[in-house]
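[1] sequence isn't available, so here's the structure alone:
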């Protein structure tokens with residue numbers, strides 16, 4: 001377990017705990033008066049963003065994008081990492097299992113004695129929420145780039161066989177972005193109690209940033225859905241084209257096979273078998289049947305691509 005202690009102002013400290021042990025976290029909970037149920041929720045890695053107030057301590061859970069996630073991750077637990085936040089009168093405690101670059105940047109910033117910002121609880125929480133929200137900025141951009149590459153491949157004459165699978169997982173990832181941004185945005189009004197001005201510019205900027213990223217994630221999800229539907233339609237169209245060609249060939253050759261089958265029975269009393277012009281007459285009949293089918297199809301417009 002790693003602990004980083006930062007003084008936000010003379011009356012407020014920030015304790016950042018990484019990969020906590022159960023025993024160590026219980027000791028901290030006893031020292032700072034944290035509720036046992038909140039500590040249990042803190043240790044549960046599957047919890048989604050939420051807000052609750054128990055006595056003088058406010059408990060918040062947020063989930064930021066995990067920059068170490070594998071490329072094909074597509075679930076909430078694989079793509080994001082939970083950060084539990086305890087806010088008391090004179091302390092802020094953050095607990096997370098894996099350190100993230102945006103948390104390290106936040107620590108470095110608030111440990112800098114020359115920091116030019118309002119060193120208050122509200123200012124710190126706003127920056128923490130901003131770091132969580134904007135952790136989705138780069139992955140959404142990357143997912144948009146992947147979508148554009150996927151779009152180009154789908155319109156190739158022979159798309160890669162894994163196109164639809166990649167599009168499906170990319171759509172699931174976009175859905176996770178949407179869900180986490182929406183749930184995080186829902187927490188913003190609840191932390192307004194820590195601000196001197198409930199609807200101040202800091203919260204308004206966070207709300208606008210969250211809504212903007214949600215819009216991009218929603219647009220990406222919609223575009224992926226349309227692209228997958230288009231891919232299915234193109235595949236069906238190609239299949240229908242193959243079936244159409246095979247059907248045309250079948251219609252041409254079925255009557256010819258019927259004629260050949262009749263004259264291949266070789267019954268004794270078939271006058272055409274001993275006729276001098278029987279063979280060319282049969283061939284001519286086959287040609288006329290094929291020509292008749294061709295002109296009929298052409299008149300109906302069924303031979304056009």
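    Noted; the coordinates are in hand. Given the structure is predicted, the values throughout are model-derived calculations rather than measurements.
[2] by mean pLDDT, flag the weakest helix or strand of the protein.
    Sorted by mean pLDDT, DSSP states H and E, the helices and strands of the chain end with strand 2-9, the least confident at a mean of 76.
[3] now that one, how far from the centre of its chain.
    For strand 2-9, the distance from its own C-alpha centre to the chain's C-alpha centre is 35 Å (C-alpha atoms, centre = their mean, to the nearest Å).
[4] helix or strand next in line after it, which one?
    strand 12-18 (DSSP states H and E).
[5] who does that following strand pair up with?
    Taking DSSP bridges as the criterion, strand 12-18 sits next to strand 2-9 (antiparallel), strand 91-96 (parallel) in its sheet.
[6] where does pLDDT dip in the stretch 151-300 of the chain?
    Along the stretch 151-300 of the chain, segments meeting pLDDT under 70 span 193-200.
[7] so what's residue 105 up against?
    Listed by C-beta atoms under 8 Å, 6 or more residues apart in numbering, the contact partners of residue 105 are residue 131. In this view, the C-beta of every residue, glycine as well, is placed from N, C-alpha and C.
[8] dump the strands paired with strand 12-18 to CSV, plus distance to residue 269 and mean neighbour count.
    Below are these laid out as CSV (distance: least, C-beta to C-beta, whole Å; neighbours: other C-beta atoms under 10 Å):
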stretch, distance to residue 269, mean neighbour count
strand 2-9, 102, 14
strand 91-96, 95, 22
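[9] adding distance to residue 232, write those strands out as a markdown table.
    Written out in a markdown table, the entries for the strands paired with strand 12-18 read as follows (distance: least, C-beta to C-beta, whole Å):
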| stretch | distance to residue 232 |
| --- | --- |
| strand 2-9 | 49 |
| strand 91-96 | 41 |
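[10] to residue 48, which of those lies closest?
    Evaluated over those, closeness to residue 48 peaks at strand 91-96, with 14.9 Å, by C-beta to C-beta.
[11] contacts for the closest one, please.
    With C-beta under 8 Å, 6+ apart as the contact definition, strand 91-96 has outside contacts at 8, 12-18, 20, 25, 28, 32, 34, 42, 81-86, 103, 121, 124-125, 128.
[12] which of the residues you listed are buried?
    If you count burial by 16 or more other C-beta atoms under 10 Å, the buried members of those come out as 8, 12, 14-18, 20, 25, 28, 34, 42, 81-86, 103, 121, 124-125, 128.
[13] all strands of the protein, in order?
    Across the chain, reading from the start of the chain, the strands by DSSP state E fall at 2-9, 12-18, 50-54, 57-65, 80-87, 91-96.
[14] can you list the low-confidence ranges for the stretch 1-150 of the chain?
    Judged by pLDDT under 70, the stretches of the stretch 1-150 of the chain that qualify are 1, 115-118.
[15] okay, now residue 273: neighbour count?
    Using other C-beta atoms under 10 Å, the number of residues around residue 273 comes to 13.
[16] tell me who's in contact with it.
    Contact criterion C-beta under 8 Å, 6+ apart gives 263, 266 as the residues in contact with residue 273.
[17] outline the domain layout of the protein.
    2-236, 240-300 (automatic domain parsing).
[18] tell me the most buried of those domains?
    Ranked by mean neighbour count under mean count of other C-beta atoms under 10 Å, these are led by domain 2-236, which reaches a mean of 16.
[19] what about that one, how long is it end to end?
    Terminal residues of domain 2-236 lie 56 Å apart, using C-alpha to C-alpha, to the nearest Å.
[20] stretch 17-28 now?
    Taking C-alpha to C-alpha, the span from the opening residue of stretch 17-28 to its closing residue is 10 Å.
[21] other residues contacting that stretch?
    The list of residues contacting stretch 17-28 from outside it, by C-beta under 8 Å, 6+ apart, reads 1-4, 15, 34, 39, 42-43, 93-99.
[22] for the stretch 51-200 of the chain, which segments are assigned as helices?
    Taking DSSP state H, counting those that start in this stretch as the test, the helices found in the stretch 51-200 of the chain are 76-79, 101-111, 121-134, 137-154, 163-187.
[23] and the shortest one, what other elements does it pack with?
    Looking back up the chat, that one is helix 76-79. Packed against helix 76-79, as judged by 3 or more C-beta pairs under 8 Å, 6 or more residues apart in numbering; DSSP states H and E, are the following elements: helix 163-187.
[24] how near is residue 170 to residue 273?
    Distance from residue 170 to residue 273, counting by C-beta to C-beta, to the nearest Å: 68 Å.
[25] bridged to the spatially closest residue to residue 38 that is not a sequence neighbour, which residues?
    Among residues not flanking residue 38 along the chain, residue 59 sits closest, at 4.4 Å (C-beta to C-beta, 6 or more residues apart in numbering). With DSSP bridges applied, residue 59 shows beta-bridge pairing to residue 52, residue 86.
[26] lovely, talk soon.
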